[in-house]
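> model the structure of this input:
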Amino acid sequence: MDAVHSLERQHLRTELNRKYYCLFIFFTIAMKFIVVFAILTGFGVIKCETGSILSHDKVVVCSVFSEPSPGFFDSFGNKFKIGNVDLNLCTHLVYIHMISYVFEKPWDSTDNFSDEKYKQIASLKKKFPHLKISLGFQNSPAEYLKISSRRESRHRFVTSAVSFILRFDFDGLNLIWSYENDEPFGKKRFGLLVRELKEGFKPKNLLLSFTFFKSRNFAVPHGFLAMSNNVDFLNVHPNFTENLIKSGVPKSKIVMTIEFNGRGNFGYYSACGLLSKDEGWEKYYDSKIGATVATRSIGNGQTKKIIFPCSSRSVANTVRHAVRRDVSGVMAYTIDSDDSQGKCGFDDDTFNDFGSTKGVTLHIPTRENDTFPLLRTINGAIAVAIEELKQEEHLRKSR
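This next block holds a predicted model:
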């Protein structure tokens, strides 16, 4: 009888050992798979298209016009398509389309821009669910004041804006204009419009942001601070940032604007296009003006000169400034002026102004893709600038 029990116990141990062994093999294979996947993901071999791959917590607003910019931009073959942009590189998208706001027919497009096109833009969130898409509303100060002149007109604007945004599944509204004097902010009525917009947006959880182009007169306009309390983000020129901070605007609301195009829609890609037409160009970075310059001899002692509206180095330096001032992030205005075809080549001086502190050693990211070099520089520069600050802080504490 004891022999029988002994055989049963031995058989039971054998079965248990077999089960444990199978479990051991299963978990070993699973762990190897997880490790390999993590390594591939870390090196960018595997990337998920359904979520942001950003390695930082800064805001990156990508703005784009509904149609490519005219003039030089188109003449060099920069065939921009929003569908070709890796929007994992952006946290927010501002889609700028000229809309004629008239009281008789609010939010009427200035051309035959179809409802289907708006839906296509908003549907980008299916592929990039992290992305917040706002409609860019561009108008003159006089028109804004006209809209905000009476309670009835403000109410009509707010209700029609909410209806339009929800109809096409946008996430918010971005008010835009180039601004040369303080008249709009000197008018209490405009402040009321912004406040009433925020009140109308809040129940629907919609974003309200403001893109403000002003770089010459750095004084904060009257009423600007009060208005800033009712927006989620203020997209402003880097030179205007310091005065906003001093006036009491929270850093968490400030987004530094990096303009990819200059006067007359002469964008980054346009400058590259001019250089590609002739040989003999020499490029260098002029630290005094903070811009890349290209020169070429044209004979008789004369020289042709092109000043780039921006470059990878100037973009990286602006990003570094934004990180060191601890503002919310940066805005690329506009990504359709970036090199969407990958024809401009790499700049080898992008991070030359980083890591100047003794004892700081930075890992400079290598670029695996030629397209959209400025947008990719923004994200790379944010990571490098954050690491630079961490190392500098560590050095200060260790002294």
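> switch to C-alpha atoms for all contacts and neighbour counts from now on
OK.
> helices of this structure, start to end?
Using DSSP state H, the helices of the chain run over 2-42, 72-75, 115-122, 124-127, 141-147, 151-167, 183-186, 188-201, 224-228, 238-246, 268-277, 312-324, 373-398.
> please enumerate residues in contact with the third one?
It stands for helix 115-122. Identification of contacts with helix 115-122 by CA atoms under 8 Å, 6 or more residues apart in numbering yields 133, 168-170.
> please redo it, this time with the cut-off set to 10 Å
Here helix 115-122 makes contact (CA atoms under 10 Å, 6 or more residues apart in numbering) with 66, 82-83, 93, 95, 97, 109, 123, 131-135, 165, 167-171.
> can I have the buried ones of these as a ChimeraX selection?
Buried residues within those, by 16 or more other CA atoms under 10 Å, are selected in ChimeraX with:
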select :66,82,93,95,97,123,131,132,133,134,135,165,168,169,170,171
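> okay, and which of the contacts of helix 115-122 map to strands?
93, 95, 109, 132-135 (DSSP state E).
> you'd agree Val161 is up against Lys198?
No, residue 161 isn't Val; it's Ala. No. Between Ala161 and Lys198 there is no contact under CA atoms under 10 Å: 11.2 Å.
> distance of Asn379 from Thr318?
Remark: distance between Asn379 and Thr318 (CA to CA, to the nearest Å) = 12 Å.
> so what sits against both of those two?
Overlap of the contact sets of Asn379 and Thr318 (by CA under 10 Å, 6+ apart) consists of Val330.
> could you list the low-confidence segments of the stretch 101-250 of the chain?
For the stretch 101-250 of the chain, applying pLDDT under 70 flags the ranges 101-114, 178-187, 214-218.
> quickly list what Gly329 is bridged to.
Val59, Val255 (DSSP bridges).
> run a quick neighbour tally on it.
A total of 26 residues lie near Gly329 under the criterion other CA atoms under 10 Å.
> what do you get for Arg399?
Arg399 is flanked by 5 other residues according to other CA under 10 Å.
> do Glu199 as well
Count around Glu199 with other CA under 10 Å applied: 13.
> what domains does the record give for this protein?
Here the domain assignment for the chain is 1-46, 59-267+311-351+372-382, based on automatic domain parsing.
> before we move on, back to that, distance to Thr361 for the ones in strands among the contacts of helix 115-122 - can I get that in CSV?
Below are the ones in strands among the contacts of helix 115-122 laid out as CSV (distance: CA to CA, whole Å):
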residue, distance to Thr361
Leu93, 34
Tyr95, 39
Ser109, 52
Lys132, 35
Ile133, 37
Ser134, 39
Leu135, 41
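> closest to Asn230 among those residues?
Nearest to Asn230 out of these is Ser134 (CA to CA; 16.3 Å).
> any idea what the closest one is bridged to?
Judged by DSSP bridges, the bridge partners of Ser134 are Val94, Gly172.
> many thanks, I have nothing further to ask.
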